[in-house]
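Trainee: this is the structure alone, sequence omitted:
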């Protein structure tokens, strides 16, 4: 299960809950875990590490050093008598027991937040949105459509052509070019993406080549070859050069058509067309901040 980062509650807030009579047996079981010798502070730090997917990112949100977090996670595992993580170069990946603990703590945390009113504008839940260069650029240019969301949610845009692992907390929401096959993920189909060549009226009829391992980058490599004015390693820079009257850029139509300086100088390239999907973990979709963002993303990208 993959959860967006929420406010880490202070220890006194957690103590308050021990005086309450919750009917949910899972919550009651979790509330009294400290009777097993578990440090409540370690559980709060666990939430940060689990949601961020590693020590470095969790250090920023928890205001603890990576070394301290590493020690506390070992201590928590010893207290519980269970391994919670697989530790590798990419970060901390939750094992089955870690997934179960995260699920139980998230339920408890939600109840505590409702009970104590500990949510605040200074401690907004973090939702990481992973998308490719062009989709991220489009979302940023339309950021005003998220104005209501930004008041109560911290959005982190991750611009990458790689498919980040949502199940392992590299992202909460992903905008992808293909339907996911992982059965723990759910998705919603968005509009179809098309590509076409664009340039200004003053630009020479010569291509701007993008050296990237993407379908559009490979198409340029096959059909443009070395006949280009220059090469760039970041797709966004091809747009920058086109706007400077330097040549022809291969762009998604939702980017090119939105630039008043540019015009299409060729047909849509059929082989580069693809559907787009908004993806999240099947349990994350019930989080209010994730549900709200998915709804707004769907409207912006329709």
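Mentor: Right, received. Where do you want to start? Small disclaimer: the values here were computed from a predicted structure and weren't measured.
Trainee: isn't residue 302 up against residue 188?
Mentor: No: counting by Cβ atoms under 8 Å, residue 188 is not a contact partner of residue 302; they are 10.4 Å apart. All C-beta spots, glycine's among them, are computed from the backbone N, C-alpha and C.
Trainee: who's more crowded, these two?
Mentor: The neighbour comparison of residue 302 against residue 188 (other Cβ atoms under 10 Å) goes to residue 188, with 15 against 7.
Trainee: nearest residue to the more buried one in space, please, no chain neighbours.
Mentor: Excluding the flanking residues, the one nearest residue 188 by Cβ to Cβ, 6 or more residues apart in numbering is residue 278, at 4.8 Å.
Trainee: just list whatever residues bridge to the one you found.
Mentor: residue 175, residue 188 (DSSP bridges).
Trainee: low-confidence stretches in the stretch 1-150 of the chain?
Mentor: Counting by pLDDT under 70, the stretch 1-150 of the chain contains low-confidence residues at 1-37, 110, 113-123, 147-150.
Trainee: now the helices for the stretch 51-200 of the chain?
Mentor: 55-62, 66-80, 96-116, 133-141, 147-150 (DSSP state H, counting those that start in this stretch).
Trainee: closest to residue 285 out of the ones you listed?
Mentor: helix 96-116 (13.6 Å; Cβ to Cβ).
Trainee: any idea of the angle that closest one forms with helix 66-80?
Mentor: Here helix 96-116 runs at an angle of 100 degrees relative to helix 66-80 (axes from the mean of the first three to the mean of the last three Cα atoms, to 10 degrees).
Trainee: in helix 96-116, what's buried?
Mentor: 98, 99, 101, 102, 104, 105, 106, 108, 109, 111, 112, 113 (16 or more other Cβ atoms under 10 Å).
Trainee: would you turn these into TSV with distance to residue 126?
Mentor: Below are the buried residues of helix 96-116 laid out as TSV (distance: Cβ to Cβ, whole Å):
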residue	distance to residue 126
98	19
99	19
101	20
102	15
104	20
105	16
106	14
108	19
109	14
111	20
112	18
113	15
